[in-house]
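> A predicted structure for the sequence below; I have some questions about it.
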Amino acid sequence: MAGPGKFSPKLGAQPHGIDIEQALLSCCILEGGQESMPLCIQRRVSADSFYLPWHRLLFQEMLALYHLGKPLDEVMLKDALAAKGLLDKVGGAPYLAQLCSRIDTHAHLEYIIGRIRDYELIRRVVATASGLAAEAPSRLDDVPSFLGQAEEKIFAISQDILQETAVSIDVPLQRAVQNVQFLLQHRGDLLGVGSGFVDLDRLTSGFQRGEMVVIAARPSMGKTSLALNIAEHNIAPPPGKKPVPTLFFSLEMGAEQLAMRMICSRAGMGTLKMRNSFVSRESQADLLRCAETLRGAPLWIDESSNLHILELRARARRVHGKQRLGLIIVDYLQLIAGMDSRVGREQQIAEISRGIKAMAKELQVPVLVLSQLNRDSERENRRPRLSDLRESGAIEQDADVVLLLAKVRDRDDEPAEEGQIALRELILAKQRNGPTGVITLAFDRELTKFQNYGERGDGTAG
């Protein structure tokens, strides 16, 4: 691909990868910058990471558009460059057009960024070594000091490039001691984010930071309702408890629907009843009062559909950067799009599952993700089990906690109409760091609300 000018011998002497630079710039434009720019920033890619001067100008302008919150596409980039008189310096509109068609997928974004950083590292090492070689003859009288400075310069490069992943045992050991001390001093208190269901919290001690928690069920079992109940418990907790900032990815339902369900559940009024019958003034006042209690609650709802895992992680990262989150909920895993439609769905689900687990570890928050179960448990008339997780065993492998929601077995009295209470089993089928077990919950189908089994209308256990 032609650039704004020919390469000079000096330019070509440094280690560089023109194709990989073009691929990253094309990636950013193709993807719109939502995932690529935050990832570039996280991996410390800057304008100086590019070898060609016009690529530096292009990336610098992309960063400027990203920080301004503007869409990153070919038209916006061209207009921004033209406004600053830089369009000709980057090869003009023809070069931008060629650049945009350089790749057709950004599935290999992380690899491309890694290669960009590798070239930058080598160039910095070469430049440092050249400087040291030029300086060496004049330092014959002070060799120990010169070697120390040389070592510092090389070490500074590695520190800037490499991410610290290994930590001394002292760090996690201190955290473990603090957790033990907390448990001894606060018997019965939760270490993590509570669910609002006493039996579940007793088994898990709350959802822990960095955990991937899966709630799986067949359709119409109430998994979205359960997730909403957990969200409501955390954003509007009982007196004396601090609210937990929560991000809810709703890939199936709209934000307005979720808000309506939350208000009606809190007011003790079914959405169907509200739509189809007269609502008294007293009930209207209750609805408004409940809506007011939720106003300003630390809940963010992203109702985007057809998100892929990189986009979802980028959006979570942005919200987390503005307001440190304590909980992320994803409804639901099978609705997340695969990065590459050419591979099988099982491989796509495995990639999505790994991405969700990586997001939990990166942001250090529990991520509660809803998932579907296959039909085997229904056909065989048994409790669901881990092998029933739909489409991929990777979900079972990546998850720290797996909760399976199902009807109570050996009961023929499942209510046929709303307004009646159904019983549900919440099977704690996997817990990496704790026991498993079965919890019974009461599900009010009219209010789409779960309660502790035996809980009275006033919210206390009976």
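Now that the structure is in, tell me what you want to look at. Remember, it's a predicted structure, so these values are computed and weren't measured experimentally. Numbers count the residues shown, from 1 in each chain.

> From here on, just use CA atoms for contacts and neighbour counts.
OK.

> Surely Leu386 is in contact with Ala429?
Yes: here Leu386 lies in contact with Ala429, judged by C-alpha atoms under 8 Å, at a distance of 6.7 Å.

> overlap in contacts of these two?
Common contacts of Leu386 and Ala429 (C-alpha atoms under 8 Å, 6 or more residues apart in numbering): Val402.

> quick one: strands adjacent to the longest strand anywhere in the chain?
Criterion DSSP state E: the longest strand present in the chain is strand 421-431. Strand 421-431 has its sheet partners listed here by DSSP bridges as strand 401-407 (antiparallel), strand 437-444 (antiparallel).

> any idea which of these is most buried?
strand 401-407 (a mean of 25; mean count of other C-alpha atoms under 10 Å).

> Other residues contacting that strand?
With C-alpha under 8 Å, 6+ apart, strand 401-407 has contacts from 211-218, 221, 223, 383-386, 396, 423-432.

> could you dump it to PDB, C-alpha only?
Extracted C-alpha coordinates of strand 401-407, given in PDB (Å, rounded to 0.1, in the frame of the first residue of the first chain):
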ATOM      1  CA  VAL A 401     -19.900 -20.300  41.000                       C
ATOM      2  CA  VAL A 402     -22.700 -22.100  39.100                       C
ATOM      3  CA  LEU A 403     -26.300 -21.700  40.200                       C
ATOM      4  CA  LEU A 404     -29.000 -23.800  38.500                       C
ATOM      5  CA  LEU A 405     -32.600 -22.600  38.800                       C
ATOM      6  CA  ALA A 406     -35.300 -25.200  38.400                       C
ATOM      7  CA  LYS A 407     -38.800 -26.300  39.600                       C
END
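
> now that strand: mean pLDDT?
Strand 401-407 shows a mean pLDDT of 92.

> Then stretch 333-345?
80.

> ok, the nearest residue to His233 once chain neighbours are set aside - contacts?
Nearest non-adjacent residue to His233, counting by C-alpha to C-alpha, 6 or more residues apart in numbering: Gly196, 5.9 Å away. Going by C-alpha under 8 Å, 6+ apart, Gly196 touches 229-230, 233.

> Likewise for Ile230?
Contacts of Ile230 by C-alpha under 8 Å, 6+ apart are 194-196.

> Am I right that the residue nearest to His233 is in a helix?
No: going by DSSP: H, G, I helix; E, B strand; the rest coil, the assignment for Gly196 is coil, not a helix.

> what about the strands in the stretch 301-450 of the chain?
Secondary structure of the stretch 301-450 of the chain (DSSP state E, counting those that start in this stretch): strands located at 327-331, 367-372, 401-407, 421-431, 437-444, 449-452.

> Now that we have the contacts of strand 401-407, which of them are buried?
211-218, 221, 223, 383-386, 396, 423-431 (16 or more other C-alpha atoms under 10 Å).

> before we move on, back to that, can you put the contacts of Ile230 in CSV and add pLDDT?
Shown next, in CSV, are these (pLDDT from 0 to 100):
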residue, pLDDT
Gly194, 91
Ser195, 89
Gly196, 88
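
> follow-up on the earlier one: output the strands of the stretch 301-450 of the chain in JSON lines; the columns should cover distance to Lys78.
Formatted as JSON lines, the strands of the stretch 301-450 of the chain follow (distance: least, C-alpha to C-alpha, whole Å):
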{"stretch": "strand 327-331", "distance to Lys78": "36"}
{"stretch": "strand 367-372", "distance to Lys78": "39"}
{"stretch": "strand 401-407", "distance to Lys78": "48"}
{"stretch": "strand 421-431", "distance to Lys78": "52"}
{"stretch": "strand 437-444", "distance to Lys78": "56"}
{"stretch": "strand 449-452", "distance to Lys78": "52"}
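
> Can you tell me the closest non-neighbouring residue to Gln208?
Gln208's closest residue in space is Gly192 (C-alpha to C-alpha, 6+ apart), at 4.6 Å.

> The one you found: neighbour count?
16 (other C-alpha atoms under 10 Å).

> What does it show for phi and psi?
phi -120, psi -160 (degrees, to the nearest 10).

> Check it and give its pLDDT.
Gly192 is given a pLDDT of 88.

> ok, now which ones touch it?
Here Gly192 is in contact with 205-209 (C-alpha under 8 Å, 6+ apart).

> One more pass at 6 Å, please.
206-208 (C-alpha atoms under 6 Å, 6 or more residues apart in numbering).

> Which of these sits closest to Gln42?
Using C-alpha to C-alpha, Gln208 comes nearest to Gln42 of the contacts of Gly192, at 24.2 Å.

> And the helices in the stretch 1-150 of the chain?
9-13, 18-31, 36-42, 53-67, 74-83, 92-100, 109-135, 143-161 (DSSP state H, counting those that start in this stretch).

> Run the angle between the last one and helix 109-135 for me.
In terms of direction (axes from the mean of the first three to the mean of the last three C-alpha atoms, to 10 degrees), helix 143-161 departs from helix 109-135 by 160 degrees.
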